[in-house]
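Enquirer: how would this look folded up:
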Amino acid sequence: MAQQLASRPGLARRRRRENLEGWLFVLPIVFGIAAFQLIPVVVSMYASLTQWDGIAPPRFIGLQNYVDLLTGDPIFLQVLRNTLVFTVVSVPLTVVLAIVLALFANLKVPGVAFFRTAFFAPYVMNVVAIGYVWFNLYSPSGVLNSVLKTVGISGPSWLADSSWVLIAVIIANVWQGVGYPMVILLGGLQNIPTELYEAVRLDGAGAWSRLVRITLPLLSPQIFFVVLAQFISSFQVFGLIYVMTKGGPGYSSSVYIYYLWQAAFGQGKFGYASAMAWLMVIMIAVIAWIQWRLQKKWVFYG
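Expert: Model prediction:
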């Protein structure tokens, strides 16, 4: 007993030393998070309530930036519509195509590993290079219009026509981004027990019935994650717009992040751009919350 009491001070000192060593190890990470994430978040929150050009001291104006965005900026409303169209079209198209590619990549056929790599490769390619490739494909004398011409179709001016430019960007974005959700869904497919397929096959279920009764329900958690991730990323598309269209013609292909970048670094309206950023955060949070509530009705967690 006396030895235990005598050893307690030494034990306490050792614990304090271990705690101190632990804090010293994590301190660089804490400082990094504070310097590059927490402090910029606080600064941008305050900047959204000011008129600030990044040089002169900010002038506090309250919620005026938000009022101007929602009521006094017709370009912002057009950009918001473009972004919603981009999201509503590109997200379902990407998810459906990712499911089809994942089903194909899950087949046990010769050369399937090559196709998995080919489907995923665009996702890790440089977005500037991809933008230039698609820019040339969409040119009036490019490959796409040349192929259409061979079947008697006169291709449109993809990037110069306000009716087609957003569709052109969506196609390029889906082609580039479908690889990541495909890999997520492929992982989910490979975790489905083969015994379930054998059981329903014995009951006489065909391929479509197996897809609807087994594959999609058991794949629903991965589908939900992919839908949520694609929705968030659709509000953040920038590189393809910058390289391919510069938001034109007019503002017909300008989307949220590109217009925010123009306001901040093109026009020097850092307070206005900060308000746009926080408005985007609020919209994404609300819609993500709605998706999270609705997922209880269709996602099967087994």
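
Enquirer: Where does the prediction get shaky in the chain?
Expert: By pLDDT under 70, the low-scoring segments of the chain are 1-9, 302.

Enquirer: All the strands of it, in order from the start?
Expert: 50-51, 59-60 (DSSP state E).

Enquirer: center of the chain - which residue?
Expert: Nearest to the geometric centre of the chain sits residue 233, at 1.6 Å (Cα atoms, centre = their mean).

Enquirer: what residues are up against residue 184?
Expert: By Cβ atoms under 8 Å, 6 or more residues apart in numbering, the contact list for residue 184 reads 98, 222, 225-226. Any C-beta I mention is one placed from the backbone N, CA and C, and that applies to glycine too.

Enquirer: Okay, domains of the chain per the record?
Expert: If you go by automatic domain parsing, the domain ranges for the chain are 2-47, 66-297.

Enquirer: Redo those domains as CSV? Include distance to residue 59.
Expert: Listed next are the domains of the chain as CSV, based on distance: least, Cβ to Cβ, whole Å:
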stretch, distance to residue 59
domain 2-47, 11
domain 66-297, 8
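
Enquirer: so of those, which one's packed in deepest?
Expert: domain 66-297 (a mean of 16; mean count of other Cβ atoms under 10 Å).

Enquirer: from the chain's centre, how far out does that one sit?
Expert: Its chain's average C-alpha position is 8 Å from that of domain 66-297, according to Cα atoms, centre = their mean, to the nearest Å.

Enquirer: Equivalent analysis for stretch 35-46, please.
Expert: 22 Å.

Enquirer: and what of stretch 21-32?
Expert: 30 Å.

Enquirer: How about stretch 289-302?
Expert: 19 Å.

Enquirer: circling back: out of the strands of the chain, nearest to residue 81?
Expert: Closest to residue 81 of those is strand 50-51 (Cβ to Cβ; 26.3 Å).

Enquirer: Name the strands paired with the closest one and say parallel or antiparallel.
Expert: strand 59-60 (antiparallel) (DSSP bridges).

Enquirer: what does the partner strand contact?
Expert: 49-52.

Enquirer: Ok, stretch 76-94 next?
Expert: 69-70, 166-167, 169-170, 173-174, 177-178, 181, 227, 230-231, 234-235, 237, 251-256, 258-259, 276.

Enquirer: Contact partners for residue 106?
Expert: 186, 189-190.

Enquirer: Between these, which sits nearest residue 298?
Expert: Nearest to residue 298 among those, with distances taken as Cβ to Cβ, is residue 189, at 18.2 Å.

Enquirer: wait, that closest one sits on residue 214?
Expert: No. Between residue 189 and residue 214 there is no contact under Cβ atoms under 8 Å: 10.5 Å.

Enquirer: rewinding a little: can the contacts of residue 184 go into TSV with extra columns for distance to residue 122?
Expert: Output for the contacts of residue 184, formatted as TSV (distance: Cβ to Cβ, whole Å):
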residue	distance to residue 122
98	13
222	20
225	20
226	16
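
Enquirer: State the pair within those that is farthest apart.
Expert: 98 and 225 (11.5 Å).

Enquirer: still on that earlier bit, pretty sure the residue nearest to the centre of the chain is touching residue 176, no?
Expert: No. With contact defined as Cβ under 8 Å, residue 233 does not count as touching residue 176 (10.8 Å).

Enquirer: could you pull out the helices for the stretch 1-150 of the chain?
Expert: 2-33, 39-47, 64-71, 74-105, 112-124, 127-137, 143-150 (DSSP state H, counting those that start in this stretch).

Enquirer: what angle separates the fourth one from helix 112-124?
Expert: So the one you mean is helix 74-105. 170 degrees (axes from the mean of the first three to the mean of the last three Cα atoms, to 10 degrees).

Enquirer: relative orientation of helix 74-105 and helix 64-71 in degrees?
Expert: Using the same axes, to 10 degrees, helix 74-105 lies at 70 degrees relative to helix 64-71.
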